[in-house]
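K.L.:
sharing a model prediction with you, sequence too.
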Amino acid sequence: MTGDVFDPGQLSRCISCGFCLPACPTYAMTGDEASSPRGRITLMRALQDGTLPPDDPTLAEQSSFCLGCRACEPVCPAGVQYGSLLEQWRVHQWRGRRRPPLARALTLVAGQRWLLRLLGLVRGAARGPAAPSPTTAGPAAAPPTTAAEPAAAESGAGEPAGQLMLGCFERALYPAVSRAARALDPALAVPSAQGCCGALHAHNGDLAGGERLARRLGEELPGTIVTTSGGCAAHLASVLGPRRVRELSTWLAGRPPGTELRVAGRRARVTLQDSCHLRNGLGVFAEPRALLRQVADYVELPSAATCCGAAGTYSLLRPNDSRRILDAKLDEIEAAGVDLVVAVNPGCLRQLRTGLRRRRSAVRAVHLAELLAEATAPAPPA
Amino acid sequence: MALSATVRAELRDIVGPANVHDAEGDLVAYARDATPLFTHRPDAVAFPADTAEVAAVLALATRHGVPVVPRGAGSNLCAATVPLRGGIVLVLTRLNAILEISADELLARVQPGVSSAVLADAVAAHGLLWAPDPGSRTVATVGGTIATCAGGLRGLKYGVTRNYVLGLEAVLPTGEVIRTGGRLWKDVAGYDLTRLLTGSEGTLAVITEATVALLPAPASANTGVAYFPSLAEAGEAVARVIRAGVVPATLEFLDRACIDAVEDFAHLGLRTDAGALLLFGDDGPPDLVATHLDRIGAACVAAGAVEVTTAREVAQAEALLAARRCALPALSRRGGVTILEDATVPRPRIAEMVDRIDAIAARHGVAIATFGHAGDGNLHPTCVLDSSDDTDAVRRAEAAFADVFAAALDLGGTITGEHGVGAAKLPFLAARLGDDQLALLRRIKTAFDPAGILNPGKLGS
């Protein structure tokens, strides 16, 4: 009897109706009950009640094969919180040395605050066109910003100024995304003394660490946290409450649109790849589409709401499965006749960009912030 | 029973080693379907790729006396796919091709692993309608839909699955492949084995291909809602609707507990102060639909409806239907275990049946919420329990349902309208069919399956 791996209340919610099966990308791949959300919950129950031993190989495989995209949640009429159950499952499966070394390394790096701060400064995410706030200009050892400073200012939308979260992944790979977000809303405060939100930890078997980091970031960024990462937004909202967190598209919603984005002398054709956790965890999907429609011709991908295979560390831990999912997605993107595919999460951006480059595709992958900033920037003289 | 090393090796040879799963965890995952309270582990799970592999597996099983349980998506509600005696679960999800859609002949040929919704979407692109519409249509496979003769929300006007199966390719438990019926609407050559296999719940043969009848898609559809003080008035409204000369495509009811649960999930602005809700709808040319919805609305008002509204746009109508489809899982928000039945009575007896269900629930001290298909008398009394660990509550619920079945038979009804017998209702089958008919069922089963390997412990056992 293992007994205490899962919250019993959450685990008992599932009635095994199977409505989640058609929403699950891994069930679509295999047609196998064990790799469906319902089957995985049956496995979780077997772990909880001791029917299966804690080191059962199917438990190990299925907890890792799951993308964690949470596409099963919006279609679940019984309200099962699958994402939360998966996090609890991975705490058990990936306990101690069973945690994949790569996941261990990544969470270790992301937990290093000094390294993130350095990355932000070196890669330039924390520098930008906006007027420097008192905290961004300060030395690396500056104390965390307090609520009194930037939150007092008003943004264009009449809300208190947001605190831009820089994100560990973005600071390393896509500092331009943060700079674009600052160009779109110069009133955003950008404290450089901010750590990782802990989403990476929560999804990779360190739920307690993930919650601790989120709370700490909540203290470092008082007021409304604005993020360009759908995954971070969903994790922060689950720990700090949804009122504290705004993903960029919801933060920008309702502002005056930029100018039309043009490609080859015509209005650009763009499509969106949803961020799974933004859509399935926070229910945000209309907002980025509305922003895109303002500046370009929008084309909806049939599988826009389905995972691209990035899934946090999944593309690194299970490259073959990730690639299978991505390939079908790229076929669809190339068939859609678009100039740009837009991501609202840095992991998806990396996944799409890598895949499209590998194919030498003419389609470019960009982050929503970059596209909107481009549409807002003064047009070059004709 | 345990599988011998020989059987395991041969099974791997037939479908390929990667398509046999027999780790403990895999067996746990296939020990149940969507039915609560029934679990039993198989000894192996096999995923055949085609008819030839299905035939080879069945011949092997007959030779060695190994039980085989065919399975689609496992969304049935009568424990039809629980491997009560172990053996091999034969999963047909790899046979998932739509082989042909013929708009000229109004038919499709399809493999059993395609989901009902995928088939419906594919034929809709040709302007056609796949009429069977079980609540689980997004999940359920066509093979499972045929094997259980699933009903759904369109039963009154369109009938059920059996009305749309023209022909089947099926593998007998002894390994022979038969083709029944075909592309013909008229064909009386021989016993109607197509109808016999439809609803046979995987006990006579394994369906590997189906030729199904399609209809031209209706030009438009609309849906409305009527609220009543109690189910008695809603029952009266159903009678008045039929008397008004309308056979609606949709006529569904929810009692108060179900309205609450669905509103909780779907947030459609349903009135939670009403005693009963009737969801009605029709399809066809727009003028006719509008006329019919007016007549249905008037019949509801005459029967005592407190409010009648029709959907203003397609999305709203679809949301109402989607909400009705999820009534069962939405009810599960009330507790961890939902025991759902589908006792069915002649249409005029619905209100009377619901009264009896309420009395039975009170007598056994259990909470039973009821929704269902008012147009065809098919009720879904559903008992919500906190946990299956509460054996006393489970026992009381089971006793209550035994009384519900008896009440349905007393009113000229049946123990199951559309979910099937499976393992869950086998104990009540004799009361519905009588001993002579039950004995005939067993002889039919033996004619198909002399070794008794196909889904033992269910129909025909």
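P.N.:
Perfect, thanks for sending it.

K.L.:
what does stretch B:389-401 rub up against?
P.N.:
Residues from elsewhere that reach stretch B:389-401, judged by C-beta atoms under 8 Å, 6 or more residues apart in numbering or on different chains: B:37, B:337, B:339, B:341, B:360-361, B:363-366, B:368, B:381, B:383, B:385-386, B:388. All C-beta spots, glycine's among them, are computed from the backbone N, C-alpha and C.

K.L.:
go again with 6 Å.
P.N.:
Identification of contacts with stretch B:389-401 by C-beta atoms under 6 Å, 6 or more residues apart in numbering or on different chains yields B:Ile339, B:Glu341, B:Ile360, B:His364, B:Gly365, B:Val366, B:Cys383, B:Leu385.

K.L.:
same check, this time on stretch A:237-249
P.N.:
A:181, A:211, A:214, A:218, A:224-228, A:230, A:233, A:236, A:278, A:282, A:284, A:287-288, A:291, A:369.

K.L.:
what about those, which are in helices?
P.N.:
Using DSSP state H, A:Ala181, A:Glu211, A:Ala214, A:Gly218, A:Gly230, A:Ala233, A:Leu236, A:Leu282, A:Glu287, A:Pro288, A:Leu291, A:Ala369 are the members of the contacts of stretch A:237-249 that sit in helices.

K.L.:
in PyMOL, select just the buried ones from those.
P.N.:
Filtering the ones in helices among the contacts of stretch A:237-249 down to the buried ones (16 or more other C-beta atoms under 10 Å in any protein chain shown) takes a single PyMOL command:
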select buried, chain A and resi 181+211+214+218+230+233+236+282+287+288+291+369
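
K.L.:
farthest pair within the ones in helices among the contacts of stretch A:237-249?
P.N.:
Spatial extent of those (C-beta to C-beta) is set by the pair A:Glu211 and A:Leu291 at 31.1 Å.

K.L.:
ok, now which ones touch A:Leu372?
P.N.:
Residues in contact with A:Leu372, defined by C-beta under 6 Å, 6+ apart, are A:Leu184.

K.L.:
ok, now B:Val345?
P.N.:
B:Met353, B:Gly377, B:Ala408, B:Leu411, B:Gly413 are the contacts of B:Val345 under C-beta under 6 Å, 6+ apart.

K.L.:
for it, what are phi and psi?
P.N.:
phi -130, psi 160 (degrees, to the nearest 10).

K.L.:
list phi and psi for the nearest residue to B:Leu215 once chain neighbours are set aside.
P.N.:
Leaving aside its chain neighbours, B:Leu215 sits nearest to B:Leu129 (4.5 Å; criterion: C-beta to C-beta, 6 or more residues apart in numbering or on different chains). Phi and psi for B:Leu129, reported as degrees, to the nearest 10, are phi -120, psi 130.

K.L.:
now for B:Leu129, how many residues are close by?
P.N.:
18 (other C-beta atoms under 10 Å in any protein chain shown).

K.L.:
what comes up buried for stretch B:195-205?
P.N.:
Buried residues in stretch B:195-205 (16+ other C-beta under 10 Å): B:Arg195, B:Leu197, B:Thr198, B:Gly199, B:Ser200, B:Glu201, B:Gly202, B:Thr203, B:Leu204, B:Ala205.

K.L.:
let's test this: mean pLDDT of stretch B:39-47, rounded?
P.N.:
If you average the pLDDT over stretch B:39-47, you get 98.
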